[in-house]
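Asker: just to be clear, the model below is a prediction. Sequence and coordinates:
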Amino acid sequence: MKGLPISLSVIGGLFLLFGAFIWKRGIMPVLPGIFSEAISVPVKLVQVGGELVRIEMDNFLLFQNFESLQALTFPSLTLLFGGLVWVLFCLGLALVSTLKKLYFTAATALVIFLMAFSGINGLNIGSISSNYALIGLMVGILIPLIGLSFFAVSWGILRRFIVLLISGSATLYLLTQISEIPSPWLWLGENSAFPATAVSVIFLLHIGHAFISGSSILLIKLNKGTGIKITWHLLFIFLIYFLLVFFSFLDLTGEVDLPFPIIQPAVLMLIVGLIGYYVLQFKIQQTDQVYKHPEIGKSFFWIGYALTTITWGWVIFKENQPMIEFFNHVFIYGQVAFSLLFYLYLMSNFSEILNSGKDIEKIIFKPQFFAYFHMRIGAIMAFVVLAIYADAIIGVQLSSGSSNINAEYYYQTDRPLEAAILYESSWMQYRKNDKAKNSAAHLRFSLNQTNLGMENLYQVFDNSPSVINTILLSSKLHQQEKIFDAVFYLERGLSYFPGNPYLINNLSLLYSKLNKPTEAISILQDITDQNPVLKSNLLGLQVKHKLEPTEASIISDDQIFRINYLVSENVKGNFAPYELSTANLSANFQLKTAILRNQWTNKVTSPLSLDLAIIDSLVAQEQMSFEEMNYRETRILRTLQESYINETLKYLNGTAMVLPNAAGYYHSISAKILFGELDFEKSAVDILVAMERGFQNFQPIHLAILHFGGRPEAAQIIHQKFEVSFPAWMAWDENGILAENENTLFFEKTARLHQAMPTEFMKNMDEIKDPNFQAEYAFKILLHKMHWLNAPDFEKVKKVLIQNLGDIWTSEDLDSWYAFVTNEEKTDPTGNIKILIKPDLDLGRNAYWVPLVLKKVNAEQDDLKKYEILQDAIQFSKDPMLWINYVKQSRKLGLDSYASNALVEMQGWLTLSQIEKLQLENL
């Protein structure tokens with residue numbers, strides 16, 4: 001039966017190494033939480049008459065603040081651990097049943113001791129902590145154990161093991177069924193660590209001199225027939241190893257601060273344990289044993305090795321620091337005491353013949369005097385002396401670790417108050433106990449006992465500060481708006497743990513919040529342990545505080561870094577060299593909104609229909625108002641980017657109604673969009689509505705829009721009320737008359753472009769003398785009025801553009817645009833004009849691009865759909881050709897009243913003669 005414990009020893013050893021080198025306190029997670037900060041970026045630039053207006057919307061910078069979370073729980077692993085301990089315990093019982101009678105009695109007493117301290121009475125059968133459970137377990141185990149020892153002498157280990165496993169497991173099952181405590185199996189699983197620890201202590205003491213004795217045996221065997229003075233070699237090995245473990249002892253007790261690293265006791269134990277098995281084979285041959293067959297002793301060894309590795313690995317995994325320290329201390333004390341005493345034993349008994357080259361390894365454990373067991377007694381006394389020298393700290397560690405074990409059970413069975421009390425008690429017993437205080441604080445906060453939670457954190461910081469508790473303390477202070485206190489504790493924490501990336505990261509974000517950008521960025525730049533979180537935060541802080549990123553050319557693969565990098569490029573109006581997918585969005589609100597907003601601000605490649613389906617599904621969710629607002633603004637951005645002006649303006653107006661508290665902001669955006677489309681009249685209306693809804697961030701261009709949009713009195717009111725200046729080119733003489741100049745002339749004529757007939761806007765172009773303004777006006781004619789132009793007029797407009805903007809608009813491109821509008825050719829326009837209008841998209845998406853709207857109408861076969869296109873367009877543009885086509889289509893469908901109303905409304909900007917002429921030519 002060595003195979004099972006050997007296999008479990010291998011598993012336990014790997015588990016121990018995993019806990020020591022890979023797990024790294026993984027049960028107490030410190031994870032970056034995400035929060036966002038909005039930064040305004042231009043999403044569209046509008047230039048009219050030399051006035052550059054930025055339509056701005058928010059992009060989102062993502063920052064990650066490290067948070068200490070509640071300890072993780074692994075109830076299934078707890079049950080697995082308890083099950084492994086139980087299997088090894090039953091296997092050990094099977095071996096005990098084979099011992100000689102006197103030793104069997106002693107071993108049975110040890111078994112009773114282990115059962116008494118197994119926590120079995122915690123099942124509370126009959127009453128709290130009654131002995132009925134212990135009595136029942138003793139009956140279920142000891143009766144078959146005694147029966148096997150006395151009446152089944154010929155039975156093999158496997159049969160004995162099966163009987164004891166079935167009998168013991170059935171007893172435990174009955175006891176758990178009778179018990180009324182929550183999750184009795186979980187209680188047994190957690191408490192199985194205590195008897196496993198007791199067996200581990202015996203094993204650790206057993207291998208106390210394994211390294212020295214194993215080295216001695218190896219040197220003796222190598223010296224056969226040579227006669228080399230190996231005593232010097234043994235002295236050297238002893239001194240090196242003894243100093244190693246002694247320095248470890250001093251380090252554990254805090255006597256010295258070693259300038260060099262030491263081997264972790266857990267790793268050293270794995271090595272020494274394997275050497276111990278090598279030594280065991282010689283001891284079995286040379287000394288009387290308590291069992292009849294040597295394989296029994298070897299099996300006992302592997303059971304001890306397996307229990308020790310599994311239990312030691314388990315307490316590291318669970319971050320039971322008192323128990324971890326208990327294992328460390330017991331192992332190192334044993335190594336110091338037993339190594340020293342064994343070396344003295346070896347020298348006092350074999351020094352005269354060690355160098356002889358004879359087979360001394362065959363008698364090394366049975367000397368003529370100072371018997372080997374006397375050496376072990378002396379070593380145990382030395383062990384006790386070391387424990388006393390260390391103020392018997394192993395007792396405190398064991399007691400504190402036991403409290404932690406019980407607290408774990410209450411924590412996993414959702415009894416936070418009991419768990420918090422036990423954790424606090426455990427910390428009071430042993431202060432090197434970060435998890436206990438951290439868990440206690442979390443539990444107190446979950447119980448709304450904020451003062452007790454903060455008291456726990458203050459206590460642990462004053463007595464035994466740790467990174468996780470410093471993070472939690474500063475976080476709670478930040479939540480309580482005690483930012484300066486949070487900064488103080490993070491700075492103090494860095495004095496204890498210099499260079500810690502968690503503390504530096506959180507401190508940097510608080511510096512930024514306190515408007516200390518230099519300090520915030522410098523401490524992040526100085527850290528040597530750069531990780532993705534710190535890199536993305538550094539970039540975010542540089543963008544937030546308008547500093548040029550130091551590593552802009554190095555684009556990380558980290559998603560949050562790329563989200564922040566998009567913002568840095570959007571601020572500058574650049575395209576990023578990558579595109580973030582919007583197909584599979586994170587469930588996290590900050591991530592989701594940042595990806596959509598930042599990516600759609602930068603570059604759009606996916607079909608609008610798919611994107612609108614995504615964003616509309618998000619808007620429709622039940623959510624907080626600010627979440628809905630963010631999604632709605634993102635939808636507005638998406639349609640605006642593709643010049644779906646009709647849809648954008650409608651959705652802006654609807655959003656202003658749904659979210660009245662932000663209506664002023666939305667109407668201000670609408671005003672800028674309408675200004676870009678030269679609809680001064682509607683833009684002026686939106687400015688006034690924005691003012692009524694609380695908007696106050698007026699700029700000089702707003703006054704110009706109001707003045708030329710037919711609301712000069714309102715412009716003067718805002719000028720005086722909000723102390724906003726008119727644009728520099730707007731000046732009044734002594735009589736209050738606006739002085740005419742090239743700018744005012746351009747704005748006056750541009751404000752009426754949509755309503756103008758061909759004779760008027762062609763005349764206006766000739767009257768504008770400034771070549772830049774004339775070229776801009778000519779381009780607006782091509783964009784908004786191309787459907788009016790005959791070939792001579794087009795050539796005239798083209799000539800103006802080529803003369804002044806020939807580097808942008810080529811003759812071929814303009815000809816292709818004319819052909820596209822007039823249907824002389826079916827090919828798409830080319831060059832910059834194609835980039836601007838994107839003819840592959842819906843031609844009716846912008847009512848102010850009347851040539852495209854009419855082209856869509858002409859291409860449509862269904863009369864009702866023609867009517868719907870025109871009816872939608874006249875909600876925005878006042879182009880006469882657009883309206884007369886609406887009248888024509890209304891009459892065609894028999895909607896004469898709608899046609900009549902439209903003709904009446906047209907009288908608001910056209911003369912009766914102009915309307916009659918339109919009817920004669922088009923109806």
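Answerer: Yep, it's here.
Asker: every contact and neighbour count from this point should use C-alpha atoms.
Answerer: Will do.
Asker: would you map the helices across the stretch 651-800 of the chain?
Answerer: For the stretch 651-800 of the chain, applying DSSP state H, counting those that start in this stretch gives helices covering 663-676, 680-692, 700-708, 712-721, 742-750, 758-767, 771-785, 791-805.
Asker: what packs against the top helix by length along the chain?
Answerer: Longest helix of the chain, by residue count under DSSP state H: helix 321-350. Secondary-structure packing of helix 321-350 (3 or more CA pairs under 8 Å, 6 or more residues apart in numbering; DSSP states H and E): helix 193-206, helix 210-222, helix 230-253, helix 265-286, helix 294-317, helix 372-389, helix 393-412.
Asker: could I get the ones you listed as JSON lines with mean pLDDT, mean neighbour count and distance to Ser118?
Answerer: Shown next, in JSON lines, are the helices and strands packed on helix 321-350 (pLDDT from 0 to 100; neighbours: other CA atoms under 10 Å; distance: least, CA to CA, whole Å):
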{"stretch": "helix 193-206", "mean pLDDT": "95", "mean neighbour count": "21", "distance to Ser118": "6"}
{"stretch": "helix 210-222", "mean pLDDT": "89", "mean neighbour count": "21", "distance to Ser118": "29"}
{"stretch": "helix 230-253", "mean pLDDT": "89", "mean neighbour count": "17", "distance to Ser118": "28"}
{"stretch": "helix 265-286", "mean pLDDT": "91", "mean neighbour count": "19", "distance to Ser118": "24"}
{"stretch": "helix 294-317", "mean pLDDT": "94", "mean neighbour count": "24", "distance to Ser118": "14"}
{"stretch": "helix 372-389", "mean pLDDT": "86", "mean neighbour count": "17", "distance to Ser118": "24"}
{"stretch": "helix 393-412", "mean pLDDT": "94", "mean neighbour count": "22", "distance to Ser118": "11"}
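Asker: which of the ones you listed sits closest to Phe117?
Answerer: Phe117 lies closest, by CA to CA, to one member of those: helix 193-206, at 6.5 Å.
Asker: pLDDT below threshold where in the stretch 501-650 of the chain?
Answerer: 528-529, 550-553 (pLDDT under 70).
Asker: tell me where it has helices.
Answerer: Going by DSSP H, counting those that start in this stretch, the stretch 501-650 of the chain shows helices at 501-513, 517-526, 532-544, 559-572, 589-602, 608-619, 625-641, 645-658.
Asker: the first one - contacts with which helices or strands?
Answerer: Using 3+ CA pairs under 8 Å, 6+ apart as the contact criterion, the elements in contact with helix 501-513 are strand 51-68, helix 467-479, helix 483-496, helix 517-526, helix 532-544.
Asker: all strands of the stretch 801-923 of the chain, in order?
Answerer: Assigned by DSSP state E, counting those that start in this stretch, the stretch 801-923 of the chain shows no strands.
Asker: returning to what we had before: tabulate the helices and strands packed on helix 501-513 (JSON lines), appending distance to Asp558 and mean neighbour count.
Answerer: Below are the helices and strands packed on helix 501-513 laid out as JSON lines (distance: least, CA to CA, whole Å; neighbours: other CA atoms under 10 Å):
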{"stretch": "strand 51-68", "distance to Asp558": "12", "mean neighbour count": "21"}
{"stretch": "helix 467-479", "distance to Asp558": "24", "mean neighbour count": "21"}
{"stretch": "helix 483-496", "distance to Asp558": "26", "mean neighbour count": "18"}
{"stretch": "helix 517-526", "distance to Asp558": "17", "mean neighbour count": "17"}
{"stretch": "helix 532-544", "distance to Asp558": "6", "mean neighbour count": "22"}
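Asker: can you lay out these as TSV showing distance to Gly13?
Answerer: Output for the helices and strands packed on helix 501-513, formatted as TSV (distance: least, CA to CA, whole Å):
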stretch	distance to Gly13
strand 51-68	29
helix 467-479	28
helix 483-496	33
helix 517-526	39
helix 532-544	33
